[in-house]
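K.L.:
The amino acid sequence is not available; the structure is as follows:
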């Protein structure tokens, strides 16, 4: 599903370019002032910079780890959606009695489950629903504000109908219900990751520490060649900011960015699997994966 | 549910202002003494400060990680409450036979489940119950000390009534019971996070290490410009204390502070979802989210 | 349940006082020897101390994290005991048919479940059983070596009796059995934490590293004021030992120490909840929380 | 299953040889330039290199930990496949009534479950199916694109047949279905690990940091013997790259490399166990473990 | 089960003695060469050693954490075996109808479950089966290659017999089957830990880094007293190797070493508990815990 190509270096550089320019100006300025003005007499030992640098490195490592975990959890949840979608249809194939209606019921659920995946992806990305999702909702007059939740309710209602028409005993019905409960959980987990912002106070602290380090670093490089000093004073904060930006990009895995979870591709694959299981042809869908869409 | 606005910088600065003032005074004093008195001859190598600084950084990183985990666990538990509330009503829609009483029963459970969410939030924040919760409790004469626990017991009793009136077979009943057990677990997990204080001995150690570092740091900056020395001796401990305060704010996610879990907003959303599923209009609630309430 | 008061500083200082005295003597002695004897010519660069210090800091951070996890797991297990105790009684209320015996059966289970909590707490602390537990065991002639395990077996036997008297169908019976299985798990987890000592080899290594650091540190502080040297050589190892002691205190959460899991308080609360659910008055119990019992 | 022999050092050296050569050339060149040209006057304090080195070490430690976790998760998933394969056959032995067809049904499932393991392994390694898997698929006319998914569907269909022929009641059927759901989960988890590449931006950052460190390191070793300088400037980046390569090798555990998960060996063992349980002789299979295949 | 005595220091020293001797010789030699030969002019700044030392410390901390996790997971799995063994017998007491055969059936399962524990322990340690296990296998003609797996299959077959003799309905049967599935999982988890060696490439890297550090360290201690140099150059690598050895000892928790999981003691305790529950006397077993067997 995911292809191992490089995320374009340009995309990344573009993201941090303003920071780089600002830091370079600051470094040049402080380099100049430091050599030609009264600030010349001020020296701050590199050991203090190192202490703040260690603290900052540990906090960045922590932030990196947390962002990675959110990103990885998003993949795990969508992996579970793949599994439970397959399980739902397999259970219907397994549990429904082999009569005339079986094939129709299975296809009906397979289509609705595929639409659910696409609708959830659009919902999480705060995009308008894809054409075929919107069409499906209009055709069936599904008008709830939270379409994916409504589709799961329709799953439940249809299962109730099938059960009440005596085609399904309570035991198999509750087994199917457990699968619906897991899909509800997956939907809720995605919403939790989407809606929980990383604690602002940490982000602020990290920024503040980077600024502090950037401010005191030149005073520890006093005796150096001015060119070297400017390069160093630009390089160290840029590296720290690049690490932080990488973490920021990972931490919101449903933001319709080149690096988010490939939900459209996954939904297309789920649709293919489910249609294959239901014995129906899968509709051709164009993957939304544009050029740089390959983390 | 959560909006990505900034937590007001003022709120945070207000929280640490006394520490900053105390440290600044101490730094100025020690800076003065260090230059004008018998303490002048004392020098402590920066390497010792660096060693203590590394130790402190690691313990702060550990503390940060633990606080984040408590905060994140609180979000996970409330995410599970969202999911299991939806699942409870969906299971009722799925399992109850399509007779006259079905709609009334579903609405009754949806209302009680919504009230349970609000009551749990108030309980965790140690606030008096919200008006509509208090009203509901009085209307139904629910007087137990632990209202959320009683509401779950009422859920169970009502399910028993429905089952005994032969509308629900034991299999579906136990499936619903499992959902109640998960809600009981979520309630207990919130209480565990609320009632378990972070080990005091660690907090004491961290404070003590910060004071030690603050005390020995000036003796390593002897040869510096006094102004620089005062700034450095103020800055380093303030940064450490700011990190610790950030951790302290996160570690108690149910404290009715601007940064806690947005339980009221989540409860309002749960109510909306459940009412939509039950086919009833959701009452208008004013979100408690005041201005600075947006971590 | 837990109150946020301070663990008395005295208790903690008392715990490490002998280490502090020993280290102070060693530091004074080495300070004296270092200045007045042939050892004066020996210098070990502070960078070597820093290397060993970093290694030690990382191992201490690891140890701290593991101890915290054991402590936190103990709380989680007791949180699960709270939840599953409530769930057990709620399931009985939910599943038993509304006849004459229902109230008696529920009360019988609620009392036994409360006693089980107290008995498990006493067992884990290796204390003789509390008076009311011992009395209950004698009254019912429960003489197994492992009383909590026997109480769970009695739960199972009584459930079998209730089921065989046709008051409970197999489906509800297995649902209750799952709750018993979770309680068995919780009991086993407590015993695992209690009986698994932290690997001795790590503790030995940590001690050895602290001694090594203490030994080489004075040789890196040669040029310093003797007073400063003694203070530094005492301070650094004492800080390290204080961190280790804090970890040691946390890592055994069932040791009848002021900082262990508040199992008695939790059991009293469980008893109150269960009695409220069974509609019976809860007996007055005196909390064992003595003065310093408030981590 | 896994034998504790050494992965050939040659294999590893071969993997990083080009990096080593490139770095050695760069180091020699920079060493020469640094001593004989205008660059001689440039000095960058080692403390800056140390700061970047600490940052890099933390990111490498993070990367190492994540790679290990992916590798370990892959083992856990395949361990679960072993367990659930045994459980599936044991449940059939347990649940099927002791009639004439029982033995045939169990053997049929045991063979299909073994083939599923081999097919999944081939699929994950993107290899053509092993001869006996391909033969099995042709014999039974299984032509779906996703053979392992189809085999699970066939499991479900056969179970439905067995159940509908009244040999299996719904309760035992759903218990078997849960085992199929767990196998579906394991399959999906393998695919998730296979298809999720490690975030490119982190890899890029790590490389960039290594290049930066390699570039500034010589300027901090100015006063050294040129031979020593070249050795140091080669050694440090090579060590860092060796650590990164080790992580890269671990992070993709299904790549048909000497160090991946021993899926063929595990499948052979599963086949042996299942055949023993079904009372059939296991076919002789040659393990694919070639000489260097022993991480 | 585990006693808090010290693992004999001798055992540990014995394990690392050859490394210590080799390092001491190397240190003496390099110390001599460094002072009396052409190598005297070579100096490698301590900052480079510190950089490599930091990297090494982080990798050792990672390795320590992973080894601890394997060791702890082994304890968790055996803790689950204790719990599920008790649960299995309790479920039989709970579910079997109170007729004449009940007591015989329970005792039969309790004995087989106890033997399973001992057989699994012997299997994991690659030891011949204990006398009473071997005897039990011969008495019952159990000849499968994988005895513990066969015993679980016998459990399942006996349960099928009990069920088919109408003493057990399908619902209770599947509940017992779930317990068997958990025991199967526990067995598979032990085998996974046993058979998965820690990635060789990491071990090789760690060794290589220790050798590198040992080689460059003397060149940074040039100006020191030769005696001090030899002590330092011996001490630092010995500490690192001691940490690594400690990790190696922990990482294989089923190796029949003094520090492995106390499976024999646990099995004896399980047997006692099960026999108490079945109302039978437990046979006297001698614990295999020899003198130094007390991590």
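P.N.:
Done, it's in. The structure presented is a predicted model; accordingly, all values stated were derived computationally and were not measured. Residues are numbered from 1 along each chain as shown, chains lettered A, B, ... in the order given.
K.L.:
what's the pLDDT at residue A:274?
P.N.:
pLDDT, residue A:274: 93.
K.L.:
Run the chain-centre distance for the host helix or strand of residue A:85.
P.N.:
Using DSSP states H and E, residue A:85 sits in helix A:46-95. Centroid separation for helix A:46-95 versus its chain: 9 Å, with CA atoms, centre = their mean, to the nearest Å.
K.L.:
Give me the contact status of it with chain D.
P.N.:
Yes: judged by CB under 8 Å from any CB of the partner chain, helix A:46-95 comes into contact with chain D at A:46-47, A:49-50, A:53-54, A:57-58, A:60-61, A:64-65, A:68, A:71, A:75-76, A:79-80, A:82-83, A:86-87, A:90-91, A:93-95. To be clear about C-beta, it is placed using only N, CA and C from the backbone, and glycine gets the same treatment.
K.L.:
now do stretch A:215-228
P.N.:
Yes: residues of stretch A:215-228 contacting chain D under CB under 8 Å from any CB: A:220, A:221, A:224, A:225, A:227, A:228.
K.L.:
quick one: contacts of that stretch?
P.N.:
Residues from elsewhere that reach stretch A:215-228 (CB atoms under 8 Å, 6 or more residues apart in numbering or on different chains): A:27, A:30-32, A:34-35, A:39-40, A:42-46, A:48-49, A:52, A:229, A:232-233, A:236-237, B:228, B:232, D:41-45, D:47-48, D:219.
K.L.:
Restricted to helices, list the residues you listed.
P.N.:
Among those, the ones falling in helices (DSSP state H) are A:27, A:30-32, A:34-35, A:46, A:48-49, A:52, A:229, A:232-233, A:236-237, B:228, B:232, D:47-48, D:219.
K.L.:
for whichever helix or strand residue A:25 is part of, packing partners?
P.N.:
Element membership for residue A:25 (DSSP H and E) is helix A:9-36. When contacts are defined as 3 or more CB pairs under 8 Å, 6 or more residues apart in numbering or on different chains; DSSP states H and E, helix A:9-36 sits against helix A:200-220, helix A:226-251, helix D:200-220.
K.L.:
same thing but at 7 Å, please
P.N.:
Counting contacts by 3 or more CB pairs under 7 Å, 6 or more residues apart in numbering or on different chains; DSSP states H and E, helix A:9-36 is packed against helix A:200-220, helix A:226-251.
K.L.:
Name the residues of the last one that are buried.
P.N.:
Neighbour counts over helix A:226-251 (16 or more other CB atoms under 10 Å in any protein chain shown) mark A:228-247, A:249-251 as buried.
K.L.:
re earlier: so which of the helices and strands packed on helix A:9-36 gets nearest residue C:14?
P.N.:
Closest approach to residue C:14 among those (CB to CB): helix A:200-220, 36.4 Å.
K.L.:
Buried residues in that closest one, which are they?
P.N.:
Buried residues in helix A:200-220, defined by neighbour count with 16+ other CB under 10 Å: A:200-206, A:209-210, A:212-220.
K.L.:
quick one: the residue nearest to residue A:41 when sequence neighbours are not counted from residue A:44, how far?
P.N.:
Leaving aside its sequence neighbours, residue A:41 sits nearest to residue B:225 (CB to CB, 6 or more residues apart in numbering or on different chains; 6.5 Å). Using CB to CB, to the nearest Å, one obtains 9 Å as the distance from residue B:225 to residue A:44.
K.L.:
more neighbours, those two?
P.N.:
Ranked by neighbour count (other CB atoms under 10 Å in any protein chain shown), residue B:225 and residue A:44 place residue A:44 first, with 22 against 15.
K.L.:
Would you enumerate the residues in contact with that one?
P.N.:
A:216, A:219, A:220, B:228, B:232 (CB atoms under 7 Å, 6 or more residues apart in numbering or on different chains).
K.L.:
what separates the residue in the stretch 151-295 of chain A positioned nearest to chain E from residue A:89, distance-wise?
P.N.:
When distances are taken as CB to the nearest CB, the stretch 151-295 of chain A reaches nearest to chain E at residue A:171, 9.0 Å away. Distance from residue A:171 to residue A:89, counting by CB to CB: 19 Å.
K.L.:
Compare neighbour counts for these two and give me the winner.
P.N.:
More crowded of residue A:171 and residue A:89, by other CB under 10 Å: residue A:89, with 26 against 23.
K.L.:
Can you give me the neighbour number for residue A:261?
P.N.:
For residue A:261, the tally of surrounding residues (other CB under 10 Å) stands at 23.
K.L.:
What of residue A:25?
P.N.:
Neighbourhood size, residue A:25 [other CB under 10 Å]: 11.
K.L.:
got it, and the one 5 residues further on?
P.N.:
A count of neighbours around residue A:30, defined by other CB under 10 Å, yields 19.
K.L.:
now residue A:274
P.N.:
Around residue A:274 there are 25 residues (other CB under 10 Å).
K.L.:
so what's it up against?
P.N.:
For residue A:274, the contact set (CB under 7 Å, 6+ apart) comprises A:85, A:89, A:110, A:113, A:114.
K.L.:
just these now: which is nearest residue D:187?
P.N.:
Taking CB to CB as the measure, residue A:85 is the one of the contacts of residue A:274 closest to residue D:187, at 12.8 Å.
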